[in-house]
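1. this is a predicted model, with the sequence first.
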Amino acid sequence: MAKRAGSADLPLHSGHVPKWLADRMTRLGGVVSEAIVHHYGRDELLRRLAHPFWFQSFGAVMGMDWHSSGITTSVIGALKRGLTPLSKELGIHVCGGRGKHSRQTPHELIAIGDRVGFDGAALANASRLVAKVDSAAIQDGFDLYLHGFIVTDDGRWAVVQQGMNDASRQARRYHWLSEDLESFVDEPHTAIDGKGQGTIVNLTDRRAEASRKAQIDILDSLGPDGIARRFLALEEREPEPAPQPLLPHLVMPEHHDVRAKDVVLRRLHGSLAAAADRGPADFPDLLMTPGVGPRTVQALAMVAEVVHGTPCRFSDPARFSFAHGGKDRHPYPVPVRVYDETIRVLKSAVQKAKLGQQEELFALKRLDDQARELERRASGPDVEEHIRRERATSHSYGGRSVFGDEPPPA
């Protein structure tokens, strides 16, 4: 049975994703998804999306704010735009979104079901149940505002939805996966991301089965008025909260800048060393582009890990922001030329793989394998020094942020 995988603290941030970044996120999200499906299949992409650590890292490698709640909205939006044109080819469909788009999810599922052959009405009901569970069965102070439903042609699905708590300025993300799902009300989540906010009423906990049955019995025997009277009689009591099981959780800090404690340095050094070691062997044509090639291979090493990495590799999502920076200039401005080269190389590799020419796509796999091998002994600059160097050369890579183009160094 699918169980909760953990939790994370996601600070709420205002702001928007500029069009120049949103367009690139759409293309990168689409081609990374294609690469995962090519190597591992559609079900594996659903498993990745249902994993909170991977999902956060995926958003960070796209150039979003590495720690904020905005990753959820932007990644779901990018995937919907990027995968919709590929839906016939990949058999993957992204429904829903933020606000009014979330309420269209059942209609989208029914329409897709009519087109490809799965039971759209049943999945529409699943969509409603998932939303109800996380808004009513789990009463944790977070109001849902985003619901993304990703479904394949054979009816398998993953859900990523998010709620906010305005008072605490925090967000909580909930992950679901249809694989091995036996019940919508008995421990159905693959993960719930969010910082502890005090006592939580969680009726999906397996230990709450008796409570769920008792509620039905009480409703049948007392009726709504009788329940109201009983509630008034108990209102002044303060029962002790039931102990909650400790779950692994991803803590996304309030600070916007990337700090040394946010990054597993040996993994960063492994990626940088692999780029320097494997780049000349695997990407000679790319390295003929003056001033861009080596830096692009560094980004590709981190993108390759997003495609091929195992769950334990994503405990430090901040590290993946070193691929393409961040829109708010943290850890440094988005290197637009590098970003475009990354998309170009990935797209070329995926397109050739469809024609049976696997070499470029396997070169990315070798890049990831080499990074894991080298991180045991690789050395390099510390986090602060790496950020300083990247900012110093940002202008030459087309550095850009929500504040505008990065000026040349003084």
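-> Done, it's in. Numbering: from 1, shown residues only.

2. alpha carbons only for contacts and neighbour counts from here, please
-> Noted.

3. ranges for the strands of the stretch 101-250 of the chain?
-> Ranges of strands within the stretch 101-250 of the chain are 138-139, 143-152, 157-165, 170-177, 189-193, 201-202, 249-251, based on DSSP state E, counting those that start in this stretch.

4. mean pLDDT lowest where, among those?
-> When the strands of the stretch 101-250 of the chain are compared by mean pLDDT, strand 201-202 comes last with a mean of 48.

5. what is the closest residue to residue 157 other than its chain neighbours paired to in the beta sheet?
-> Residue nearest to residue 157 in three dimensions, not counting chain neighbours: residue 151, with 4.2 Å by C-alpha to C-alpha, 6 or more residues apart in numbering. Beta-bridge pairing for residue 151 (DSSP bridges): residue 93, residue 157.

6. can you count the residues close to residue 151?
-> Residues lying near residue 151 (other C-alpha atoms under 10 Å) number 23.

7. check residue 370 too.
-> 19.

8. next: residue 89.
-> 10.

9. cool, and residue 58?
-> 27.

10. which SS class is it?
-> Under DSSP: H, G, I helix; E, B strand; the rest coil, the three-state class of residue 58 is helix.

11. give me the spatial nearest neighbour of it, chain neighbours excluded.
-> residue 306 (6.6 Å).

12. so who does that neighbour touch?
-> 54, 57, 58 (C-alpha atoms under 8 Å, 6 or more residues apart in numbering).

13. and the pLDDT for it?
-> Taking residue 306 on its own, its pLDDT is 97.

14. which residue ranges of the stretch 1-150 of the chain form helices?
-> Under the criterion DSSP state H, counting those that start in this stretch, helices of the stretch 1-150 of the chain are mapped to 19-40, 42-49, 52-61, 70-83, 87-90, 100-103, 105-116, 120-132.

15. just the buried positions in the last one, please.
-> Read that as helix 120-132. Within helix 120-132, the residues scored as buried using 16 or more other C-alpha atoms under 10 Å are 120, 121, 123, 124, 126, 127, 130, 131.

16. got it, and the longest one?
-> When neighbours are counted by 16+ other C-alpha under 10 Å, the buried residues of helix 19-40 are found to be 21-22, 24-37.

17. name the nearest of these relative to residue 326.
-> Nearest to residue 326 out of those is residue 21 (C-alpha to C-alpha; 9.7 Å).

18. separation between that closest one and residue 259?
-> Distance, residue 21 to residue 259, by C-alpha to C-alpha, to the nearest Å: 24 Å.

19. returning to what we had before: from the buried residues of helix 19-40, which single one is nearest residue 271?
-> residue 32 (17.9 Å).

20. for the closest residue to residue 152 other than its chain neighbours, give me its contacts.
-> Excluding its sequence neighbours, the residue lying closest to residue 152 (C-alpha to C-alpha, 6+ apart) is residue 92, at 4.4 Å. Listed by C-alpha under 8 Å, 6+ apart, the contact partners of residue 92 are 42, 83, 84, 86, 150, 151, 152, 153.

21. ok, so of those residues, who is nearest residue 355?
-> Within the contacts of residue 92, the smallest distance to residue 355 is 16.4 Å, found for residue 86 (C-alpha to C-alpha).

22. list the contacts for that closest one?
-> Contacts for residue 86 (C-alpha under 8 Å, 6+ apart) come out as residue 92.

23. just residue 114 next, same as before
-> residue 120.

24. can you count the residues close to residue 339?
-> Around residue 339 there are 26 residues (other C-alpha under 10 Å).

25. hmm, it is touching residue 324, no?
-> Yes: applying C-alpha atoms under 8 Å as the test, residue 339 and residue 324 come out as touching, 6.3 Å apart.

26. any residues in contact with both of those two?
-> residue 299.

27. got the domain ranges for the chain?
-> 7-200+244-251, 260-404 (automatic domain parsing).

28. mean pLDDT lowest where, among those domains?
-> Taking the mean pLDDT of the domains of the chain, domain 7-200+244-251 comes last: a mean of 87.

29. distance from that domain to the middle of the chain?
-> 8 Å (C-alpha atoms, centre = their mean, to the nearest Å).

30. same check on stretch 252-265?
-> Stretch 252-265 sits 17 Å away from the centroid of its parent chain (C-alpha atoms, centre = their mean).

31. any idea how far apart the tips of it sit?
-> By C-alpha to C-alpha, one end of stretch 252-265 lies 18 Å from the other end.

32. for it, buried residues please.
-> Neighbour counts over stretch 252-265 (16+ other C-alpha under 10 Å) mark 252, 256, 257, 258, 262, 263, 264, 265 as buried.

33. try stretch 307-325
-> For stretch 307-325, burial by neighbour count (16+ other C-alpha under 10 Å) applies to 307-309, 313-325.

34. quick check, central residue of the protein?
-> residue 55 (2.0 Å; C-alpha atoms, centre = their mean).

35. which ones are touching it?
-> Residue 55 touches 48, 49, counting by C-alpha under 8 Å, 6+ apart.

36. apply 6 Å and report the result again.
-> residue 49 (C-alpha atoms under 6 Å, 6 or more residues apart in numbering).

37. from residue 311, how far off is it?
-> 11 Å.
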